[in-house]
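K.L.:
take this sequence and fold it.
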Amino acid sequence: MDPLPRRRLGRTDIVASVLGFGGSEIGYERVSVRAVARLLGSALDAGLNAIDTAECYGDGERLIGAAVGARRREFSLFTKCGHAAGWGRPDWRPAALLASIERSLSRLATDHLDLIQLHSCSLAELRAGDAIDALERARARGLARYIGYSGDGAAARFAVECGRFDTLQTSVSVADQEALERTLPLARAREMGVIAKRPLANVAWRHARKPAEPYHQTYWARLRALDYAFLKGAPDVAVSTALRFTLAVPGVHTAIVGTTKPERWQQNAALLQAGPLPPDEFEKILARWRAVADASWEGQE
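P.N.:
Just a heads-up that it's a prediction; the model follows:
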């Protein structure tokens, strides 16, 4: 398999593999350190060099630190802050954010982060400015090289407009295209690094019936309405087309995909060997979205 292509993350000096690893699944699904070491070790060997996680992803940060901390020089490390007590219990006080960042460094077995991101911080909190101030202090202290915002919608637009962040992590997929007009053109003009989250839309099309897990339901319903022809073919074709669509969006530098299975990451990387998505296929997906999507189809956290 050819090495993964890499792209410079906007105006930063981070050159990231186009396929990055997301740490939510390993944290929430109680994967062993041995399994994570095998998963990430094989990914690093194959050319992946971007790992993204968050302090609220269960035991994810500790697992990453224990599994590949000794290989820290081989990859760029991103994490997020704002939910130190767990997802859904945000705390945007500067002291709490700085304490969370220091805890993340300890868990991840590193003395610095390449990127620290505010995790779904509300528009009101962003406008208040204290949370952004905290990240800027963390950067000034050398705890992180760059700062970013992870989220969608109006808050993501403000994060781009305010000019204080180096990167934007936002949802971009065949089932989530709001960012293509709302945030990405301006982010690209300002040379921000763009990290695509949920690039495979949770592979929600694999469910014949409405999934029980609420996290998958929105994309499942959208994909039923979009009724893309490519999703009706072979599973590898569907995944390949969806992933290559996200990476073909102007301004996107890397797509973060999570898994607990080493073979799944290798399969996704192999699918990129097909090369860039042809422009006519890209345009068909865009056109279908524009014909079907309505104003309620906002970016999903």
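
K.L.:
which helix or strand in the protein has the lowest average pLDDT?
P.N.:
helix 262-271 (a mean of 87; mean pLDDT, DSSP states H and E).

K.L.:
and that one, what's buried?
P.N.:
262, 265-266, 268-269, 271 (16 or more other C-beta atoms under 10 Å). Backbone N, C-alpha and C define where each C-beta goes, glycine included.

K.L.:
do the same with stretch 20-37
P.N.:
20-28, 31, 35-37.

K.L.:
could you dump those residues into CSV with secondary structure added?
P.N.:
Conversion of those to CSV gives the following (DSSP: H, G, I helix; E, B strand; the rest coil):
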residue, secondary structure
G20, strand
F21, strand
G22, strand
G23, coil
S24, helix
E25, helix
I26, helix
G27, helix
Y28, helix
V31, coil
A35, helix
V36, helix
A37, helix
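
K.L.:
for those residues, which one is nearest T246?
P.N.:
G20 (11.8 Å; C-beta to C-beta).

K.L.:
wait, doesn't the closest one sit right on D52?
P.N.:
Yes. Counting by C-beta atoms under 8 Å, D52 is a contact partner of G20 at 5.7 Å.

K.L.:
which neighbours do these two share?
P.N.:
Common neighbours of G20 and D52 (criterion: C-beta atoms under 8 Å, 6 or more residues apart in numbering): 195, 256.

K.L.:
what's opposite the residue nearest in space to the middle of the chain in the beta bridge?
P.N.:
Residue closest to the average C-alpha location in the chain (C-alpha atoms, centre = their mean): K197, at 3.0 Å. Beta-bridge partners for K197, by DSSP bridges, are S171.

K.L.:
for it, give its distance to D166.
P.N.:
In this view, K197 and D166 are 16 Å apart by C-beta to C-beta, to the nearest Å.

K.L.:
try S120
P.N.:
18 Å.

K.L.:
what ranges do the helices span in the stretch 151-300 of the chain?
P.N.:
With helices called from DSSP state H, counting those that start in this stretch, the stretch 151-300 of the chain shows them at 153-161, 179-182, 184-189, 214-226, 235-248, 262-271, 279-292.

K.L.:
now render those as a markdown table, adding distance to R206.
P.N.:
As requested, the helices of the stretch 151-300 of the chain are exported to a markdown table (distance: least, C-beta to C-beta, whole Å):
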| stretch | distance to R206 |
| --- | --- |
| helix 153-161 | 27 |
| helix 179-182 | 24 |
| helix 184-189 | 27 |
| helix 214-226 | 9 |
| helix 235-248 | 8 |
| helix 262-271 | 13 |
| helix 279-292 | 18 |
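
K.L.:
lowest-confidence stretch among those?
P.N.:
Mean pLDDT across the helices of the stretch 151-300 of the chain is lowest at helix 262-271; the value there is a mean of 87.

K.L.:
helix/strand/coil for the spatially closest residue to R89 that is not a sequence neighbour?
P.N.:
Counting by C-beta to C-beta, 6 or more residues apart in numbering, H83 is the residue found nearest to R89 once chain neighbours are left out, at 6.2 Å. Secondary structure assignment for H83 (three-state DSSP): coil.

K.L.:
residues touching L126, list them.
P.N.:
Contacts of L126 by C-beta under 8 Å, 6+ apart are 118, 132, 149, 155, 158-159, 162.

K.L.:
all helices of the stretch 1-150 of the chain, in order?
P.N.:
24-28, 33-45, 60-68, 94-107, 123-128, 130-140.

K.L.:
so for the fifth one, what gets flagged as buried?
P.N.:
Which is helix 123-128. So for helix 123-128, counting by 16+ other C-beta under 10 Å, buried means 125-126.

K.L.:
same deal with the longest one?
P.N.:
Taking 16+ other C-beta under 10 Å as the neighbour-count basis, helix 94-107 is seen to contain the buried residues 96-98, 100-101, 104-105, 107.

K.L.:
and stretch 60-80, by the same measure?
P.N.:
Going by 16+ other C-beta under 10 Å, stretch 60-80 has these buried residues: 60-68, 75-80.

K.L.:
and the least confident helix or strand of the chain, what does it pack onto?
P.N.:
strand 19-22, helix 33-45, helix 235-248 (3 or more C-beta pairs under 8 Å, 6 or more residues apart in numbering; DSSP states H and E).
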